[in-house]
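J.: sequence? don't have it. structure:
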Ligand code: ATP
């Protein structure tokens, strides 16, 4: 790849998709067979980024709170769960087909002028009537091939229900009482009618959900509190706040269970889209599970004369894979770095927060020879215990910096001849491209400091 890049303008989905593939963030699933719609594979940089986003969310949502604990529930749940939750009956999208070109659409996403005339947005052909299409993936469990309904089981379409059905187990085993929360990260599956915009809407994805159980009457206060906290979470990650906004669900959008609901939306290259939902789910979930399971899921309030109540639930529900796409878009930048004799030189840089960057620090020997590579390897070995590290010794140093910029590595350590003489190294900052010289012995503590103090400026 040439060091000289031509400026192409701001982030577009094409650029993000192509960078993601070229650098090994995300590949199309089963690409050699022509790809599988709605499914994507996370490559070496992608899986690191995804894991780090997940760990960061986990820290923010569990470790920093006394009263929030974690759960990893099974993807396969008792089918009654989905009757109780309302998914069997209500988790449907309105589907229409074009009789001419056979394209398939969600009726609620067709442009109004096409919807009014019932014509295909792609070819102008006639559309079928609206059919309800359930988004849950249905399969069978056990050695049965027949249509025996008793063997039907679903891949969970959300992680939340695993939390609700475990709420009593967790409350008792962890000696918790409302208000308290349960957090979970895991896969969810939806048979989405339209999957486009890269990993934005997929059939297999991951969610990061936290369900907060509160006393009825305190729900509005907690709902507002969690809205504030979730906004602050994105600010802390350095996300451009002018690319974030709230969207309150109107009466026509509000789910059957919700008392109030807001989405945090992000300005993706294709427009404002939902990133996370913060919902006041009332006592709907636990009431329904009580009804369908026959188990008493009320809380006995010993601080209030043993009065019983069904907790209200405040939900914060974010997509992990959608957050990854958001961070790729938000971090993406093309920056003019030099004027090379009439031709401008641009670098592509991902300005990830060090808390989530796939590689925090890369170690680069100036040359392979004269013992510099061995020395760099030694420094790398020391750092990798505490940091997500990379090592690169191939090619010109400038080109290697660019490669790290494009992977979003916030810090590079360069090992040169002076390192051999006086054990000092160069620390290079991704965002400013500034370099400082410091003793090798101070490197780790300086990195910890820089990570903690990081503020995005560009
Ligand atoms: P939509 O109405 O857009 O289909 P939703 O409002 O049903 O989505 P939720 O059920 O609230 O979405 O899901 C919570 C979060 O999970 C979303 O904010 C999103 O980040 C993520 N999510 C939901 N569906 C998908 C999907 N198909 N692919 C990727 N992420 C998803």
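T.: That came in fine, so what should we check first? This one's a predicted model, so the numbers in the text were calculated from it and none came from an experiment. Numbering: from 1, shown residues only.

J.: which residues does the residue of the stretch 251-400 of the chain found nearest the ligand contact?
T.: In the stretch 251-400 of the chain, no residue comes nearer to the ligand than residue 319, which is 2.5 Å away by Cβ to the nearest ligand atom. For every residue, glycine as well, the C-beta is placed using N, CA and C. By Cβ atoms under 8 Å, 6 or more residues apart in numbering, the contact set of residue 319 is 205, 206, 207, 208, 275, 276.

J.: Next up, phi/psi of it, please.
T.: phi -90, psi 130 (degrees, to the nearest 10).

J.: what's the neighbour count on residue 79?
T.: By the criterion of other Cβ atoms under 10 Å, residue 79 has 17 neighbours.

J.: quick one, longest helix in the chain?
T.: helix 219-236 (DSSP state H).

J.: buried stuff in it?
T.: 219, 222, 223, 226, 227, 229, 230, 231, 233, 234 (16 or more other Cβ atoms under 10 Å).

J.: Please enumerate the strands of the stretch 151-300 of the chain.
T.: 152-154, 180-189, 204-214, 244-248, 260-268, 271-280, 299-301 (DSSP state E, counting those that start in this stretch).

J.: same deal with the stretch 1-150 of the chain?
T.: With strands called from DSSP E, counting those that start in this stretch, the stretch 1-150 of the chain shows them at 26-28, 40-42, 68-71, 92-97, 104-106, 131-134, 138-140.

J.: if I look at residue 187, how far off is residue 160?
T.: Noted for residue 187: a distance of 13 Å to residue 160, by Cβ to Cβ, to the nearest Å.

J.: The two: which has the busier surroundings?
T.: The neighbour count for residue 187 versus residue 160, taken as other Cβ under 10 Å, is higher for residue 160 (24 against 14).

J.: Ramachandran coordinates for residue 86?
T.: According to degrees, to the nearest 10, residue 86 has phi 100, psi 0.

J.: wait, isn't residue 201 in contact with residue 193?
T.: No: using Cβ atoms under 8 Å, residue 201 is not in contact with residue 193; the gap is 9.6 Å.

J.: which regions of this structure sit below the pLDDT cut-off?
T.: Residues of the chain meeting the criterion pLDDT under 70: 1-9, 145-146.

J.: Return the residues of it in contact with the ligand.
T.: Within the chain, the positions near the ligand by Cβ under 6 Å from any ligand atom are 158, 190, 192, 201-202, 205, 207, 274-277, 317-319, 321-322.

J.: What would I type in ChimeraX if I wanted to highlight the buried members of the residues you listed and nothing else?
T.: Applying 16+ other Cβ under 10 Å to the residues of the chain next to the ligand, the buried members can be selected in ChimeraX as follows:
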select :158,190,192,201,202,205,207,274,275,276,277,317,318,319,321,322
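
J.: Looking at the residues of the chain next to the ligand, spot the one nearest residue 357.
T.: residue 321 (17.4 Å; Cβ to Cβ).

J.: and the closest one, which of the three is it?
T.: helix (DSSP: H, G, I helix; E, B strand; the rest coil).

J.: Check the gap between residue 339 and residue 345 for me.
T.: 7 Å.

J.: These two - which one has more neighbours?
T.: Neighbours per residue, other Cβ under 10 Å: of residue 339 and residue 345, the larger number sits with residue 345, 18 against 9.

J.: Could you confirm that one falls within a strand?
T.: Yes: assessed by three-state DSSP, residue 345 belongs to a strand.

J.: ranges for the helices of the stretch 301-450 of the chain?
T.: Along the stretch 301-450 of the chain, counting by DSSP state H, counting those that start in this stretch, helices occupy 320-331, 372-383, 397-407, 417-422, 443-453.

J.: Let me know which of those helices is tucked in deepest.
T.: Mean neighbours per residue, mean count of other Cβ atoms under 10 Å, is largest over these for helix 320-331, with a mean of 24.

J.: Could you give the separation of it from the chain centroid?
T.: On the basis of Cα atoms, centre = their mean, to the nearest Å, helix 320-331 is displaced by 6 Å from the centre of the chain it belongs to.

J.: Report the inter-axis angle for it versus strand 244-248.
T.: Here helix 320-331 runs at an angle of 140 degrees relative to strand 244-248 (axes from the mean of the first three to the mean of the last three Cα atoms, to 10 degrees).

J.: what's in contact with helix 320-331?
T.: Applying Cβ under 8 Å, 6+ apart, the external contacts of helix 320-331 come out as 11, 16, 19-20, 25, 40, 46, 49-50, 53-54, 57, 185, 198-200, 202, 205-208, 237, 239-240, 243, 266, 268-269, 275-276, 350-352, 356, 408.
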